[in-house]
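Enquirer: Show me the folded form of this:
(one chain, ligands or ions: 3)
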Amino acid sequence: MRYEPVWTGAQIHSAEAPLLRAGEPLMRRAAWGLAQHVLSLLGGQAYGRRVVGLIGSGNNGGDGLWALALLRRRGVDARAVLVRQRAHPEGLAAFRAAGGRVVQELEADADVVIDAILGTGFRGEFQAPELPDRALVVACDLPSGVDADTGQVRGTAIQADHTVTFGGLKTGLLVGEGGLRSGQLHLVDIGLGPQLPPPDAHCVAAGAARETMGEVEGDREAAHDTSRTPMDSADLREVSGAPVSQAATLHMRPPVGPGPLLRGPAPGAHKYSRGTVHVVAGSAQYPGAAVLSVGATVRTGVGMVTFQTAQQAADRVISSFPEAVAAAEPSRASAVVVGPGLGEDPAQLLAAQQAIRWAVQEETPCVVDASALALVPQLKLSQNILLTPHLGEMRRLLRSCGHPDLLELLSTDPLQAVRSAAERLQATLLLKGPTTIIASPGGTPILHRGSTPGLATAGSGDVLAGILGAVTATQKAPIDQLAAAAAARHVQAARLLDPHGTGAFGAAQLLEALTV
Ligand SMILES: NC(=O)C1=CN([C@@H]2O[C@H](COP(=O)(O)OP(=O)(O)OC[C@H]3O[C@@H](n4cnc5c(N)ncnc54)[C@H](OP(=O)(O)O)[C@@H]3O)[C@@H](O)[C@H]2O)[C@@H](O)CC1
Ligand SMILES: Nc1ncnc2c1ncn2[C@@H]1O[C@H](COP(=O)(O)OP(=O)(O)O)[C@@H](O)[C@H]1O
Ligand SMILES: [K+]
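Expert: Ligands and ions are numbered 1, 2, ... in the order given. Just a heads-up that it's a prediction; the model follows:
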């Protein structure tokens, strides 16, 4: 599986400083990349198309002005609205020299709006202007109003369709509200490489949304046509969840079979060597959760699945998955999954508690989900215990484990909150949501923004728990990486099932998509 490094805005800003002192033309590289992406989004038809830049007073505005100057030279009707009194002097001069027009207001008939009001220099609060409905909104470096370090939005922020970001992916583009505001991400390499520190996080590059593949192809061509630019050291890369080559392959041949990192069974495998998963799930109230998590484990691929559920749910599990075996304890398990649909069933909660204790003792991976998370304060944990809360469960977990001081951080800087919580609990955490955040004690967190909001449907987390069980039982890698691979598998199933992102599917259908 491929990861992209992610840095805070502050890290990128510091990396730029020595290069700027050395006279590297970072701003023009950035502007060139932005202009190329805008041209590509215009489908190569530049002449007479209207592109309006909202221009702030700092270097972000400078990037916007230089990009508009390049677009103007290609025949674009390029206009700039200066939202502050000041604007980057050289950028403005270049824009004017190219024949660009400064206008007072954003016209409703713009084809593209470039948001170059605020970038990594933004602090405090911002009120974003209204944008015309029909225009495609392209953020320069990051949507104005988003904190590049944390993704936090104080006030309001621009809603971008695309963000063309420079030098490296920023944390704020992926987590918190910033992750919802940034749209499809495009990375322009401006040559910061050797100056960049170890990253703040890694991000799973897991395949672009299929409906945007045409644009990805267009970008790829633009990226390779260096003859059209005076800055041929600038290297464009595409990371709309995937590197260019991978995105292009997906376009021609949709992904089939197991996702990346997930190895199939060895030729000489037998059922016990492949891995056994023990699932404690379901109750009289939630029998379906047992079916979903057992089913996802079976469909992801293991040697055997054993399960413990309430009497009322057992027949349903067997009738849907006759290969699963009822068992009163984990005994031979190579991974354990506890929690989906236990509700308040005391016998099931006790079984979950015993299974977690067994896993800690045997150093076996153990996925703790849903109501089993309430057991955590009474347990000794370890790194191979993977806690998988959604946001509400995460808040409860922090309170119940005596870390209410992290609650505020969870809303202002979710990445740091999850990292600190993993450290304090001495367990691995996977926070579910639009962007999945995974952190192990002492490790670099892993982010996965799947762009599949259809997964926000009841039971989809039960499916993820089953996938996690199968992946941790059968694959060899650190548990945070296995968790990321499982999250990517979950997203991949949703994409196969729902390539147009309608969200018209239920969790049980994900099980079918797992074997496609
Ligand atoms: N470093 C480089 O050379 C390179 C950087 N690059 C680019 O530069 C960007 C960073 O540029 P930056 O540091 O100039 O900051 P930037 O994001 O334009 O904002 C600062 C301006 O915004 C204003 N402002 C601040 N807060 C505000 C608020 N709450 N509400 C309203 N206004 C507010 C403040 O104005 P003031 O209030 O002082 O008048 C200040 O002047 C980066 O994202 C990338 O695009 C690339 O070209 C590559 C090379
Ligand atoms: N807006 C969203 N975009 C993408 N994925 C989402 C979104 N909301 C939730 N998800 C994913 O859907 C799953 C929901 O899990 P969970 O909340 O535990 O559901 P349930 O308990 O009903 O099974 C998680 O994998 C989560 O990451
Ligand atoms: K911006």
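
Enquirer: the strands in the stretch 51-200 of the chain, which residues?
Expert: 77-82, 101-103, 112-116, 136-140, 162-166, 169-170, 184-189 (DSSP state E, counting those that start in this stretch).

Enquirer: These: which one's closest to Leu447?
Expert: strand 169-170 (9.1 Å; CB to CB). From N, CA and C alone the C-beta is placed, and that goes for glycine too.

Enquirer: so what strands line up beside the closest one?
Expert: In the sheet, strand 169-170 lines up against strand 3-7 (parallel) (DSSP bridges).

Enquirer: For the partner strand, which residues meet the burial criterion?
Expert: 3-4, 6-7 (16 or more other CB atoms under 10 Å).

Enquirer: and Pro124, how many residues sit next to it?
Expert: Careful, residue 124 is Gly and not Pro. Neighbour count of Gly124, defined by other CB atoms under 10 Å: 7.

Enquirer: So what's the residue count around the residue nearest to it when sequence neighbours are not counted?
Expert: Excluding the flanking residues, the one nearest Gly124 by CB to CB, 6 or more residues apart in numbering is Arg154, at 6.8 Å. When neighbours are counted by other CB under 10 Å, Arg154 registers 15.

Enquirer: likewise Arg134?
Expert: Neighbour count for Arg134, taken as other CB under 10 Å: 9.

Enquirer: same deal with Gly503?
Expert: Neighbours of Gly503 (other CB under 10 Å): 13.

Enquirer: do the same with the one 5 residues further on
Expert: Applying the criterion other CB under 10 Å, we find 15 residues in the vicinity of Ala508.

Enquirer: For beta bridges, what are the partners of Ala326?
Expert: Residues in a beta bridge with Ala326, per DSSP bridges, are Phe307.

Enquirer: correct me, but it touches Gln311?
Expert: No. Using CB atoms under 8 Å, Ala326 is not in contact with Gln311, being 10.2 Å away.

Enquirer: where does the stretch 101-250 of the chain dip in pLDDT?
Expert: Along the stretch 101-250 of the chain, segments meeting pLDDT under 70 span 206-250.

Enquirer: returning to that earlier point: could you dump the strands of the stretch 51-200 of the chain to a markdown table with distance to ligand 1 and mean neighbour count?
Expert: Listed next are the strands of the stretch 51-200 of the chain as a markdown table, based on distance: least, CB to the nearest ligand atom, whole Å; neighbours: other CB atoms under 10 Å:
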| stretch | distance to ligand 1 | mean neighbour count |
| --- | --- | --- |
| strand 77-82 | 12 | 22 |
| strand 101-103 | 18 | 13 |
| strand 112-116 | 7 | 28 |
| strand 136-140 | 6 | 26 |
| strand 162-166 | 5 | 27 |
| strand 169-170 | 9 | 29 |
| strand 184-189 | 9 | 23 |
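
Enquirer: picking up where we left off before, lowest-confidence one in the buried residues of strand 3-7?
Expert: Ranked by pLDDT, the buried residues of strand 3-7 bottom out at Tyr3 (88).

Enquirer: got the contact list for it?
Expert: The neighbourhood of Tyr3, defined by CB atoms under 8 Å, 6 or more residues apart in numbering, consists of 202-205, 446.

Enquirer: where does the residue nearest to Gly124 sit relative to Glu125, distance-wise?
Expert: Noted for Arg154: a distance of 4 Å to Glu125, by CB to CB, to the nearest Å.

Enquirer: What parts of this structure come near ligand 1?
Expert: 13, 16, 20, 26-27, 30, 56-61, 63, 84, 118-126, 140-141, 166, 190 (CB under 6 Å from any ligand atom).

Enquirer: rerun that using 5 Å as the cut-off
Expert: When proximity is defined as CB under 5 Å from any ligand atom, the chain approaches ligand 1 at 16, 20, 26-27, 30, 57-60, 63, 118-124, 126, 141.

Enquirer: Would you mind listing which of these are buried?
Expert: The neighbour count (16+ other CB under 10 Å) marks 16, 26-27, 30, 57-60, 63, 118-120, 122, 126, 141 as buried among the residues of the chain next to ligand 1.

Enquirer: Among the residues you listed, which one lies nearest to Asp77?
Expert: Using CB to CB, those come closest to Asp77 at Asp63, 19.7 Å.

Enquirer: Quick check: that closest one touching Ala31?
Expert: Yes. At 5.1 Å, Asp63 and Ala31 qualify as touching, with contact defined as CB under 8 Å.

Enquirer: list the residues that contact both of the two?
Expert: In contact with both Asp63 and Ala31: Gly91, using CB under 8 Å, 6+ apart.

Enquirer: what separates the residue in the stretch 401-516 of the chain that ligand 1 sits nearest to from ligand 2, distance-wise?
Expert: Nearest residue of the stretch 401-516 of the chain to ligand 1: Thr412, at 16.0 Å (CB to the nearest ligand atom). Plainly put, Thr412 is 20 Å away from ligand 2 if you go by CB to the nearest ligand atom, to the nearest Å.

Enquirer: Quick one: neighbours of that residue, just the number.
Expert: Counted by other CB under 10 Å, the residues lying close to Thr412 total 14.

Enquirer: Now do the contacts for it.
Expert: 150, 152, 176.

Enquirer: Which single one of these is nearest to ligand 2?
Expert: When the contacts of Thr412 are compared for distance to ligand 2 (CB to the nearest ligand atom), Gly176 wins out at 12.9 Å.

Enquirer: That closest one contacts Pro414, doesn't it?
Expert: Yes. Counting by CB under 8 Å, Pro414 is a contact partner of Gly176 at 5.4 Å.

Enquirer: residues shared between the contacts of the two?
Expert: By the contact definition CB under 8 Å, 6+ apart, Gly176 and Pro414 are jointly contacted by 150-151.

Enquirer: Apart from its neighbours in sequence, what residue is nearest the residue nearest to the spatial centre of the chain?
Expert: For the chain, the residue lying nearest the average C-alpha position, counting by CA atoms, centre = their mean, turns out to be Arg449 (1.5 Å). Leaving out its chain neighbours, the residue that sits closest to Arg449 by CB to CB, 6+ apart is Thr435, at 4.3 Å.

Enquirer: what does Ile318 give?
Expert: Here the residue nearest Ile318, using CB to CB, 6+ apart, is Ala324, at 6.8 Å.

Enquirer: On the pLDDT front, check that neighbour for me.
Expert: 98.

Enquirer: surely it meets Val305?
Expert: Yes. Counting by CB under 8 Å, Ala324 does reach Val305; the two are 4.6 Å apart.

Enquirer: Distance-wise, check the residue nearest to His186 when sequence neighbours are not counted relative to ligand 3.
Expert: Counting by CB to CB, 6+ apart, His186 lies nearest to Val164, which is 4.7 Å off, once chain neighbours are set aside. Going from Val164 to ligand 3 by CB to the ion, to the nearest Å gives 10 Å.

Enquirer: what do you get for Pro445?
Expert: 25 Å.

Enquirer: just Gln311 next, same as before
Expert: Here Gln311 is placed at a distance of 58 Å from ligand 3 (CB to the ion).

Enquirer: Same question for Gly392.
Expert: Remark: distance between Gly392 and ligand 3 (CB to the ion) = 32 Å.

Enquirer: what's next to the helix or strand hosting that residue, contact-wise?
Expert: Using DSSP states H and E, Gly392 sits within helix 391-400. Applying CB under 8 Å, 6+ apart, the external contacts of helix 391-400 come out as 370, 373-374, 376-377, 387, 389, 404, 406-407, 410, 418, 421, 429, 431-433.

Enquirer: Distance to ligand 3 added to the buried residues of strand 3-7, as CSV?
Expert: CSV is the format used below for these (distance: CB to the ion, whole Å):
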residue, distance to ligand 3
Tyr3, 25
Glu4, 20
Val6, 18
Trp7, 17
